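[1] here are the coordinates; sequence isn't available:
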């Protein structure tokens with residue numbers, strides 16, 4: 001999927017004469033996006049915010065989007081080389097992913113793209129493939145002055161990139177001196193400060209069928225209900241457990257919603273917890289909504 005083939009962004013002034021709330025809505029990678037920010041805003045500020053949104057999603061496409069054959073990550077995935085010079089932007093998301101991989105004891109693993117695609121293709125054909133004989137995954141990379149692979153693997157940041165982009169936008173908006181806003185990229189959410197009415201931001205979470213109030217907090221949901229395949233009487237989902245290398249069965253929790261300071265980390269933890277039956281290290285201070 002290419003970003004600009006799917007790009008649509010509009011500025012909506014949620015009108016009062018004082019323009020207390022200004023909103024942007026768009027479609028990025030076929031996924032709805034919205035930003036609501038406290039007004040009033042000058043024309044210069046609106047243009048600045050519009051450029052910030054576009055620049056951030058352009059970065060997502062050209063650097064992190066493995067579906068874009070010209071992106072940095074896709075180029076590395078195609079290469080047979082075991083060492084690569086990488087951009088500071090790619091280095092930054094790899095560092096976040098590495099933290100999540102360590103924090104979840106390997107249950108979040110963005111280093112299994114080829115194997116996951118092979119499992120999905122097999123399930124579509126009605127069978128489960130044999131797992132690889134040698135270990136796979138993110139433990140096969142080392143980040144020094146370059147990105148090094150001890151074994152050729154392919155990277156896929158789909159399990160963290162939405163939250164990571166939300167966090168990037170949060171940081172950029174705060175640098176522009178905006179303190180009260182809500183970012184929502186299809187359920188990956190960050191709420192900064194307060195709504196112009198003086199209350200916390202209210203967000204509806206479909207997976208929970210309820211409204212949650214947030215301030216200076218992120219929210220992310222990972223779910224296994226989107227894709228299912230039945231094989232020999234058992235229904236499997238699209239989420240692959242990186243420890244067992246098997247797809248999750250549909251009798252496991254369908255979704256988990258994580259609340260915490262980082263949307264990227266909440267995104268990763270939600271996926272990892274689905275694989276680990278909701279078990280969370282007691283030292284991790286994130287709030288779980290089942």
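    Here it is on my side, so go on. Given the structure is predicted, the values throughout are model-derived calculations rather than measurements.
[2] go ahead and confirm residue 87 touches residue 64.
    No. In this structure residue 87 lies outside contact range of residue 64 using Cβ atoms under 8 Å: 10.4 Å. C-betas here are computed from N, CA, C, even on glycine.
[3] more crowded one of these two?
    Neighbours of residue 87 and residue 64, each counted by other Cβ atoms under 10 Å, are more numerous for residue 64; the result is 23 against 11.
[4] quick one: contacts for the more buried one?
    For residue 64, the contacting residues are 71, 72, 73, 90, 93, 157, 161, 164, by Cβ atoms under 8 Å, 6 or more residues apart in numbering.
[5] what strand or helix carries the fourth one?
    Pointing back at residue 90 there. helix 88-103 (DSSP states H and E).
[6] what about the next helix or strand after that helix, average pLDDT?
    Remark: after helix 88-103, the chain's next helix or strand is helix 113-124, criterion DSSP H and E. Averaging pLDDT along helix 113-124 gives 89.
[7] give the buried residues for helix 113-124.
    For helix 113-124, the neighbour count (16 or more other Cβ atoms under 10 Å) marks 113, 114, 115, 116, 119, 120, 122, 123 as buried.
[8] shared neighbours of residue 87 and residue 64, which are they?
    With Cβ under 8 Å, 6+ apart, residue 87 and residue 64 have common neighbours residue 72.
[9] one step back: can you name the residues in contact with the helix holding residue 90?
    Counting by Cβ under 8 Å, 6+ apart, 59, 63-64, 72-73, 86, 108-110, 138-139, 141, 143, 147, 157, 160-161, 164, 264-265, 268-269, 272, 281, 284 sit against helix 88-103.
[10] and if we set it to 6 Å?
    59, 63, 72, 108, 110, 138, 143, 157, 160, 164, 264-265, 268 (Cβ atoms under 6 Å, 6 or more residues apart in numbering).
[11] that helix: how far from the chain's middle?
    12 Å (Cα atoms, centre = their mean, to the nearest Å).
[12] follow-up on the earlier one: quick check: strands, which of the contacts of residue 64 are part of them?
    Judged by DSSP state E, the subset of those located in strands is empty.
[13] go through the residues you listed and flag which are in helices.
    Mapping the contacts of residue 64 onto helices (DSSP state H) picks out 72, 73, 90, 93, 161, 164.
[14] before we move on, the earlier item: now flag whichever of the contacts of helix 88-103 is closest to residue 48.
    Nearest to residue 48 among the contacts of helix 88-103: residue 59, at 16.6 Å, using Cβ to Cβ.
[15] residue 245 contacts residue 131, doesn't it?
    Yes. Judged on Cβ atoms under 6 Å, residue 245 makes contact with residue 131 at a distance of 4.0 Å.
[16] looking at the two, which is more packed in?
    Ranked by neighbour count (other Cβ under 10 Å), residue 245 and residue 131 place residue 245 first, with 18 against 12.
[17] quick one, grab the pLDDT at that one.
    86.
[18] and the gap between it and residue 98?
    Per Cβ to Cβ, to the nearest Å, residue 245 is found 20 Å from residue 98.
[19] what residues does residue 212 make contact with?
    Going by Cβ under 6 Å, 6+ apart, residue 212 touches 203, 205.
[20] for it, phi and psi?
    Backbone torsions of residue 212, given as degrees, to the nearest 10, read phi -120, psi 140.
[21] now the closest residue to residue 189 other than its chain neighbours, which residues is it bridged with?
    Excluding the flanking residues, the one nearest residue 189 by Cβ to Cβ, 6 or more residues apart in numbering is residue 219, at 4.3 Å. With beta bridges defined as DSSP bridges, residue 219 has these partners: residue 189, residue 259.
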